[in-house]
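K.L.:
Sequence and predicted structure, then a few things I'm wondering about:
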Amino acid sequence: MQPQNFRKIERAGDFNLVPIINLIPYTPDSSGSQNRPDTLNILPLVLEIKIYEDILKPFLSGVMTVADATNIFHTTPISGFERLEFQIMTPNIENNYDFTIETGHPLHIYSIENRKQISQSAQAYNIHFCSQEMIKNRTNFVSETVHNNSENIVAKMLHQHMGSKKKLLYDTTFSRNKFVLPFANPLTHIQHISKKTQSFHHKSGRYLFFENINGFNFRSMQSLMTTNQKNPRNPIHGLVYRPSVPHLRQGGDEIFTRELQIISEYEVIKQFDTLRRLNHGVFCSELVTHDMLGKTFTTKSFNYRKEFELNGKLDNNSVLPDFPYIGEAGFEHLPSKRYFRSNTKDIFEPLTQQRSEGSTAINLLSRGSTTNPISTPDEDDMVQSDGSKDGLLFDDFMLRITVPGYLGVFAGAVVGVEIPKLTDASELDEQLSGLYLVRSVEHILSMEGKGTHVMVLNLVKDSFRTSFPKTDANTFDQTEVFEASINDMSDI
């Protein structure tokens, strides 16, 4: 099965599926070849395919809904070690899901659920599948000492210990570490290393490891949203909410680009969560460091407003209004989370890399060399800003939209969204509109008729197009009835 976009696009949501969906059991080919697996084409049985990508989940996964009148459980051994191969494309673009043995990477079946009879001679069930690396991660353990840049350690975990043949896309790291890895799965080590890694080009230390249509990614959160020059990344797709749009035709050629951009449905899953922001120290936090030799404590405060101005962001205005709260203090002066650390690393593992203040320039004394054993970034530069970014982007402001399917959009990409005001459709809602990071993608491919492809995108953002109103007036103090008394209820 060679990759080919064999059908020209006719409408938004079209997709090309090579006419084979092979279920591959562990048994050899019935022809007698011991080196080729047996295959069963289940394409006529498949009703729907869903494929999931998420920057917070390390592996691709999905589910295939099947209506089976042939009873493949009696003709093919199904035990949980089967694989799937198929290939899906959007006409006219290069991106495609290639899960074939010849040119791509097959998927593993890990579960069959909800099997029920739907007629006298047919049954329906869901086949759950995932990347092969998810299975291999569970069956491999690593216990060794590693000394390298973080991206090289992660590549070793992926390619050597998970046996992956897929490419790794990474954001160059500032970290050259020496780890003694205990007996654990490769993914456990990757997640630990991610917490100890700082970007070469960004101050961010919030690294993510995830898989999308392009391969595996080891990227800092900042690199997903902004370029190395701290400018917002150009959106790969523009999306516009129009509740009712007629089918367009000009000179016999349909304007598919515009139709692909139409948001058919949107939902603001969560607009904000103040308590969660405070629990994560989004606006202000305090880092307490214990000097074991000097028996002293030092503290360092994090100020969201200062960090917002220094770092790159998707839009120009912060999520924190400028107003006094509790006297003259604002949220950014009230630590809502405290971090604790010791200076052990500073004593035994001195830095060999230093950052130029106020710039991205780095003096690498031994990058790529083994002469200087360790060059670990200072935790002071990461833990507070990472906690703030984490609390602001994950499960805080989230927009869910439904659009025509298009394999040019993937988890970790930046898209532009335009949503009109409810009161005036000729104007944009400036808070809902703007640039978003694609946190997750759900591709839904219906096999009925000619087939339709729909995407459900979960989008997050760290800033707004317009700012909140600014005021110096304190509307919080001395505005309530004073009832701070203590009442004995024993005689009542």
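P.N.:
That came through, no problem.

K.L.:
Quick one: low-confidence residue ranges for the protein.
P.N.:
Scanning the chain for pLDDT under 70 picks out 1-9, 29-36, 243-256, 326-332, 344-381, 478-479.

K.L.:
quick one, helices of it?
P.N.:
72-75, 132-138, 150-156, 186-195, 221-225, 256-260, 274-279, 304-310, 344-348, 383-393 (DSSP state H).

K.L.:
Now do the buried residues in stretch 190-197.
P.N.:
Ile190, Ile193, Ser194, Lys196, Thr197 (16 or more other Cβ atoms under 10 Å). For the C-beta atoms, the positions are set from N, CA and C on the backbone; glycine is no exception.

K.L.:
hang on, the earlier thing: between the helices of the chain, which gets nearest to Arg115?
P.N.:
Minimum separation from Arg115 across the helices of the chain (Cβ to Cβ) falls at helix 72-75, 8.8 Å.

K.L.:
what about the residue lying closest to Thr172 once chain neighbours are set aside, distance to Ile190?
P.N.:
Once flanking residues are discounted, Thr172 sits nearest to Phe200: 4.0 Å by Cβ to Cβ, 6 or more residues apart in numbering. From Phe200 across to Ile190, the span is 18 Å (Cβ to Cβ, to the nearest Å).

K.L.:
Next: Ala124.
P.N.:
Applying Cβ to Cβ to Ala124 and Ile190 gives a distance of 37 Å.

K.L.:
Check Ser385 too.
P.N.:
As for Ser385, its distance to Ile190 is 21 Å (criterion: Cβ to Cβ).

K.L.:
Burial check on the nearest residue to Leu40 once chain neighbours are set aside, number of neighbours?
P.N.:
Of all residues not flanking Leu40 in the chain, Leu23 sits nearest, at 4.7 Å (Cβ to Cβ, 6+ apart). When neighbours are defined as other Cβ atoms under 10 Å, Leu23 has 22 of them.

K.L.:
And Asp462, by the same measure?
P.N.:
Counted by other Cβ under 10 Å, the residues lying close to Asp462 total 25.

K.L.:
Could you do His333 as well?
P.N.:
Using other Cβ under 10 Å, His333 has 15 neighbouring residues.

K.L.:
got the contact list for it?
P.N.:
Cys284, Asn303 (Cβ atoms under 8 Å, 6 or more residues apart in numbering).

K.L.:
residues touching the residue nearest the centre of the chain, list them.
P.N.:
In the chain, the residue lying closest to the centroid (Cα atoms, centre = their mean) is Ile55, at 1.4 Å. Applying Cβ under 8 Å, 6+ apart to Ile55 gives the contacts Leu208, Phe210, Asn217, Leu224, Ala411, Gly412, Leu437, Val438, Arg439, Ser440.

K.L.:
go on, Asp273?
P.N.:
Counting by Cβ under 8 Å, 6+ apart, Asp273 touches Asp395, Asp396.

K.L.:
Next: Ser440.
P.N.:
When the contact criterion is Cβ under 8 Å, 6+ apart, the partners of Ser440 are Tyr52, Glu53, Asp54, Ile55, Leu56, Lys57, Ala411, Leu457, Asn458.

K.L.:
Turn those residues into JSON lines, columns for distance to Arg305.
P.N.:
Formatted as JSON lines, the contacts of Ser440 follow (distance: Cβ to Cβ, whole Å):
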{"residue": "Tyr52", "distance to Arg305": "36"}
{"residue": "Glu53", "distance to Arg305": "33"}
{"residue": "Asp54", "distance to Arg305": "30"}
{"residue": "Ile55", "distance to Arg305": "26"}
{"residue": "Leu56", "distance to Arg305": "27"}
{"residue": "Lys57", "distance to Arg305": "32"}
{"residue": "Ala411", "distance to Arg305": "30"}
{"residue": "Leu457", "distance to Arg305": "30"}
{"residue": "Asn458", "distance to Arg305": "28"}
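
K.L.:
what's the nearest residue to Val240 once chain neighbours are set aside in contact with, if anything?
P.N.:
Take Val240 and drop its neighbours on the chain: the residue closest to it by Cβ to Cβ, 6+ apart is Glu418, 4.6 Å away. With contacts defined as Cβ under 8 Å, 6+ apart, Glu418 is in contact with Gly238, Leu239, Val240, Tyr241, Leu428, Ser433.

K.L.:
Same check on Glu307?
P.N.:
With Cβ under 8 Å, 6+ apart, Glu307 has these contacts: Ser385, Ser388.

K.L.:
Mind doing that once more with 10 Å?
P.N.:
Going by Cβ atoms under 10 Å, 6 or more residues apart in numbering, Glu307 touches Lys203, Phe283, Lys313, Ser318, Glu332, Gln384, Ser385, Ser388, Lys389.

K.L.:
Also Ile72?
P.N.:
Listed by Cβ under 10 Å, 6+ apart, the contact set of Ile72 reads Leu23, Pro25, Leu40, Ile42, Leu45, Val66, Ile78.

K.L.:
Could you do Leu56 as well?
P.N.:
Contacts for Leu56 were tallied using Cβ under 10 Å, 6+ apart; they are Leu208, Phe209, Phe210, Phe394, Asp395, Ala411, Arg439, Ser440.

K.L.:
Let me know the distance separating it from Ile444.
P.N.:
20 Å.

K.L.:
related to what we said a few turns ago, could the contacts of Glu418 be laid out in JSON lines, adding neighbour count?
P.N.:
Formatted as JSON lines, the contacts of Glu418 follow (neighbours: other Cβ atoms under 10 Å):
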{"residue": "Gly238", "neighbour count": "13"}
{"residue": "Leu239", "neighbour count": "24"}
{"residue": "Val240", "neighbour count": "17"}
{"residue": "Tyr241", "neighbour count": "21"}
{"residue": "Leu428", "neighbour count": "19"}
{"residue": "Ser433", "neighbour count": "21"}
